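> Return a 3D structure for these sequence lines:
(2 chains)
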Amino acid sequence: MAAPLLLDRDFLKTLEELTLLCREDLTGPIGADHRSRSHGPGMEFADYRVYSAGDDPRFLDWNAYLRLGRLFLKIFETERHVPVRILLDASESMDCEEAAAESKFLYAQRLAASFAYLSLLRLDTTAVIPFTERLSKPIMVAGGRENFWPVLEFVSQLCCNGGTDLYRSVKEFVNNFPSRGVVIVISDFFDEDGCRRALEMLRSSGHDFVVLQVHSAEEQRPSAFGELLLEEAETGELRTIECSREKSALYERAFLEFSSRLQRLALRNGGRYARAVTNIPYQEFVLQSLRGGRVLT
Amino acid sequence: MSWLAFSPVQAALLWLAGSALALWLYLHQRPTRRKVSTLRFWADLPPSVYRRRRWLREPWALLAQVVFLLFLILALANPRWGIVTESRRVAIVLDTSIWSQVQQRGEPPWIDLVRQDAYRLLNTLPATDEVLLLRAEPDALPILPFTDDRAEQRRAVAQARASSSIADIPHALEAGKAALAGSRAGLLVYIGPGMLDEQQTASLDQLRQAWEPGDGSGDRPQILFRMVGGEKPMENRGILRLALQRDATQPDRWHLLTQLKNYSESKAVLLLKLSMGGQPLLQRNVSLAPGQVSGLNDEFITTQGGLLTAEITPADDLRADDRAVVYVPAFRPVNIAVFTSRPSFENDLRPVLSTNPYWRAQFVHPGASVDPAPDMAIYDAASPPAQATFNSIYFVRGQQGKTGHPIRVTDWNSQHAATRWVRTRDVSVRNAARLNVGSTDTVLASGEDHPEIPLLVAREQNRHRVLIVGFDPGDSNFPQQSAFPLLIAGAVEWLTHPIEDVSDSLSAGELDLPGSATRIISPSGANVPFARNGSSLHLLALDAGLYRAIGPNLSTTFAVNAPPLLPSQRITPTAAESASVAGESAQYQGTYLWQWLVLLAMVALLAEWWLFYSNRLNRRAVLIQQSESRSSVTISEQGAQKDEALDTNLIT
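Residues are numbered from 1 along each chain as shown, chains lettered A, B, ... in the order given. So this is what the prediction gives:
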């Protein structure tokens, strides 16, 4: 079955100009485009040092020798592969709004595909790992543009099901993916307690993680007023409420406080944070919000 | 048939609509259900003091009540289950025109034959057929609207009387066809002698081609002709016209023109008798060849006026045109008193007044008494009184002693009766008087001056009329103009009464009569509908005889005679038009459902009671338990109060 076109071609061309930022202390096989603290073969000049026996004579600076009469060795920054893992929330809470033009999950799918494309372009090993109450079967591909299609097909075929247990999922992830890398967690993060523990675990495992909170405008400020019978998507719990403009404003305040707490939590654990509202086009979010938020450059 | 006789599908749709309405009434008060990602933010909010409105405390009881009402309404609608066919519509055109008055020797009148055929037709029609009875006369009201009441139809046929007007059979058939339009099947039947003139024959042929009559099974109605009479040749002679003209020199002498026609195919010798007010006037023998029209001229003298009757003998098959009546106007001369002391004024007026044989002028000095009292007066050099007390003409003289420039008289009012014949622009006057024109006065002519000055003014006060002339005829060239006698003639007629110098007999049919009336009574004593058209009356006189028009001030009588009969031929029906009445293609097979619907309504009503009272008992028990747990206050009183509160809010 052909995968739906989650990302348009013009957007993909624009993505080719971007790079996913990551911590420089991350290590991996040499050969990709990410700068690292390791010195060795590379394109980016880092420093000089005095030649000692055993050094590779290819890196000698002969011009310096002619001027100074001493042998100096040019040191380059090594470019390494950084594994990129995208944790995508596929719980029911991501796809429960009937009225919304674009569901959170579709938005999250587009973001996951965008990150996957970025990392594949930089020849990084990429994994997309959906999770609900635990990890689902992931897709892992080596770097290279040609591997994007299977990822896209995999992402587009995902569907929402079940509840969310972020801590348990991250715990499984850390056990299954011990090598450090970039971890992008795309979720609504309504499991706040599990989220705190999950992010602490990612920090302790040495991952460079990005928290992408995806929500709809309706989730931020409800627009339906009157008597409402609300059903929680994951638990089926029912609650009758009377929604007025004042209540809606209070709700928004509570939601923004939650988002703020989530941001602080991410930053405190050394991660990065971005908030995506589904009424903003995903292209605009990727090219502007993520670019200005220390995620992409 | 019930006006709400729904088909089963319609009844089901109605029931569904009612049920949907009841369901909506119940559901629209329910809160909007929404699926959300999380309830945690709602849980963080302060608890709402809102308590859900409960407009419907007993929704199922309400639903049962709505169902009960629906069944009841449906039962009243009297729906039927099964195949229900629309009843057939039948339009019967009864020819009650003048031809139906024909009675041939040894046979009943044709109107009786028409009635018999109508009865026969009604007997053959199924009971569900709705019948419309029409007349064949143009513009006549229907005898009976659509109904399936056979007794009423027979009564209407029996009461249908022969008129004296000419039938317009194509027009009547067209009206009947229009009345059948829209019905599933129809039947159009003409019953009568079927006499058509040349124009009607052509119209009927066109209609026959255009209609393509069917057999009544489809949308096209079956068209049948039932002809009566006509087996034997008809013997008829009739009076076509009576016309009177007053003699020009002797006002009490009348010239009478009587036109007779022999419609038969054999020579006829007739005796024409003329009588007036029951007194024989003259009689004469007339010999008429077949088809001949003869005009007879006679003279007679009468001053009284009245009704002149002409009658021909021997009697023939159609007696309606053997007698005719015409109104002879009475002769009453107009007495005019001219008050003047000037010979010149007398010389100007005397030739004008003496040449008219209907006027009798008397010249007297101003202030002299006139016996007998004149019908109108003419005053020379006098000012009109403030309040008119007599119909008069006042000649008002202008300022004397100075010779003014001549003023041309223009703007003659052609709409006014006094000046309607005057058109001249050759009249010029000197020393014109300044006339005071009241708000109700009418200026009939003006002097061409700067500004224009009124010279002729018509005034109506206290039911009297006054014509004021603002110049002296001696100071003008008016007496030498031909317009002068025309002005005096028009003024005299406006001030007194018109002279009727002709009279003609009226024929049955549409009439336009001068005058006004509040009621018109036909020869049979019935009120005749009429319309006022300006100063005339428009009515349809179907019967020959004397009609009485009752007006606000006086009542007048006018005679209506049988109309002249045009050469006619009878309708020749085709085989299809002579066929028998087609039976109804489908019969009613429906079953009335109202008993079952009433039963279901009763069940719904019982269910509603049960639901309502069982819930009420449950609520009472709950309230009693709550009261017991809270305090030891008297349980029954609290429970009753709560129940009352609940009952007040409950919508049932």
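> Show me the helices in chain A, by range?
Ranges of helices in chain A, per DSSP state H, are A:9-15, A:62-68, A:104-121, A:148-156, A:166-176, A:192-204, A:217-220, A:245-268, A:282-284.
> so what's the residue nearest to residue B:194 when sequence neighbours are not counted up against?
Among residues not flanking residue B:194 along the chain, residue B:571 sits closest, at 3.5 Å (C-beta to C-beta, 6 or more residues apart in numbering or on different chains). Where C-beta positions appear, they are placed from N, C-alpha and C, glycine not excepted. Counting by C-beta atoms under 8 Å, 6 or more residues apart in numbering or on different chains, residue B:571 touches B:169, B:190, B:194, B:196, B:204, B:225, B:227.
> Spatially, which two of these are the most separated?
Distance extremes for these: the farthest pair is B:204 and B:227 at 13.3 Å, using C-beta to C-beta.
> and the gap between the residue nearest to residue B:194 and residue B:282?
To residue B:282, residue B:571 is 42 Å away according to C-beta to C-beta, to the nearest Å.
> mind listing what's buried in the longest helix anywhere in chain B?
In chain B, assigned by DSSP H, the helix with the most residues is helix B:594-630. By neighbour count on 16 or more other C-beta atoms under 10 Å in any protein chain shown, the buried set for helix B:594-630 is B:594, B:597, B:600-601, B:604-605, B:607-608, B:611-612, B:615-616, B:619-620, B:623, B:627.
> Stretch B:300-320 now?
Those would be B:300, B:302, B:305, B:307-312, B:316-318, B:320, for stretch B:300-320 by 16+ other C-beta under 10 Å.
> distance of residue A:120 from residue A:112?
12 Å.
> So which of those two has more stuff around it?
residue A:112 (26 against 21; other C-beta atoms under 10 Å in any protein chain shown).
> Break the chain into its domains for me.
Looking at chain A here, since you left the chain open. A:9-25+A:81-293, A:30-80 (automatic domain parsing).
> please go with chain B instead
B:8-82+B:593-649, B:89-232, B:237-328, B:334-495, B:505-560.
> element containing residue B:353?
Element membership for residue B:353, per DSSP states H and E: helix B:343-354.
> one step back: other SSEs contacting the longest helix of chain B?
helix B:59-77, helix B:635-649 (3 or more C-beta pairs under 8 Å, 6 or more residues apart in numbering or on different chains; DSSP states H and E).
> List the strands paired with whatever helix or strand comes next after the first one, with their directions.
In other words, helix B:59-77. Following helix B:59-77 in sequence order, the next helix or strand is strand B:80-81 (DSSP H and E). When pairs are called by DSSP bridges, strand B:80-81 turns out to pair with strand B:591-592 (antiparallel).
> still on that earlier bit, turn the contacts of residue B:571 into a markdown table, columns for neighbour count.
As requested, these are exported to a markdown table (neighbours: other C-beta atoms under 10 Å in any protein chain shown):
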| residue | neighbour count |
| --- | --- |
| B:169 | 28 |
| B:190 | 26 |
| B:194 | 25 |
| B:196 | 21 |
| B:204 | 20 |
| B:225 | 21 |
| B:227 | 20 |
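> circling back: tell me the angle of the longest helix of chain B relative to helix B:59-77?
Interaxial angle, helix B:594-630 versus helix B:59-77 (axes from the mean of the first three to the mean of the last three C-alpha atoms, to 10 degrees): 160 degrees.
> Averaged pLDDT, helix B:594-630. What do you get?
In this model, helix B:594-630 has an average pLDDT of 82.
> Distance from the chain centre to that helix, please.
Remark: helix B:594-630 is offset 63 Å from the chain centroid, using C-alpha atoms, centre = their mean, to the nearest Å.
> so is residue B:188 in a helix, a strand, or just coil?
strand (DSSP: H, G, I helix; E, B strand; the rest coil).
> residues near it, how many?
Around residue B:188 there are 27 residues (other C-beta under 10 Å).
> where does the chain have low pLDDT?
In the absence of a named chain, chain A is used. A:1-5, A:24-44, A:46, A:77-80, A:98-101, A:293 (pLDDT under 70).
> Wait, chain B was what I had in mind.
For chain B (pLDDT under 70), the answer is B:1-8, B:26-30, B:47-56, B:83-86, B:182-185, B:212-219, B:400-403, B:583-589, B:626-652.
> Residue A:286 touches residue A:292, doesn't it?
No - the criterion here is C-beta atoms under 8 Å, and residue A:286 misses it with residue A:292 at 11.1 Å.
> Put together TSV for the domains of chain A, with distance to chain B on each row.
Output for the domains of chain A, formatted as TSV (distance: least, C-beta to the nearest C-beta, whole Å):
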stretch	distance to chain B
domain A:9-25+A:81-293	4
domain A:30-80	35
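> Packed most tightly, which of these would that be?
domain A:9-25+A:81-293 (a mean of 19; mean count of other C-beta atoms under 10 Å in any protein chain shown).
> residue boundaries of the strands in the stretch 51-200 of chain B?
Along the stretch 51-200 of chain B, counting by DSSP state E, counting those that start in this stretch, strands occupy B:80-81, B:89-94, B:130-135, B:144-147, B:186-192, B:195-196.
> buried ones in the fourth one?
When burial is assessed from 16+ other C-beta under 10 Å, strand B:144-147 yields the following buried residues: B:144, B:146.
> Quick check: which helices or strands does that strand pack against?
strand B:130-135, helix B:150-159.
> For the first one, which helices and strands make contact with it?
Under the contact definition 3+ C-beta pairs under 8 Å, 6+ apart, strand B:130-135 sits against strand B:89-94, strand B:144-147, helix B:150-159, helix B:169-180.
> switch the cut-off to 10 Å
On a contact count with 3 or more C-beta pairs under 10 Å, 6 or more residues apart in numbering or on different chains; DSSP states H and E, strand B:130-135 meets strand B:89-94, helix B:110-124, strand B:144-147, helix B:150-159, helix B:169-180, strand B:186-192.
> I'd like the distance from it to the chain centre, please.
For strand B:130-135, the distance to the chain centre is 20 Å (C-alpha atoms, centre = their mean).
> so residue B:93 touches residue B:189, yeah?
Yes - judged on C-beta atoms under 10 Å, residue B:93 makes contact with residue B:189 at a distance of 7.0 Å.
> related to what we said a few turns ago, give me whichever of the domains of chain B is most buried.
Taking mean count of other C-beta under 10 Å, domain B:89-232 is the most buried of the domains of chain B, at a mean of 19.
> give me the beta-bridge partners of residue B:282?
Counting by DSSP bridges, the residues bridging with residue B:282 are residue B:274.
> For the residue in chain A sticking out farthest from the centre, give me the backbone phi and psi.
Here chain A reaches farthest from its C-alpha mean at residue A:69, the gap being 50.2 Å by C-alpha atoms, centre = their mean. For residue A:69, the backbone dihedrals (degrees, to the nearest 10) come out as phi 80, psi 10.
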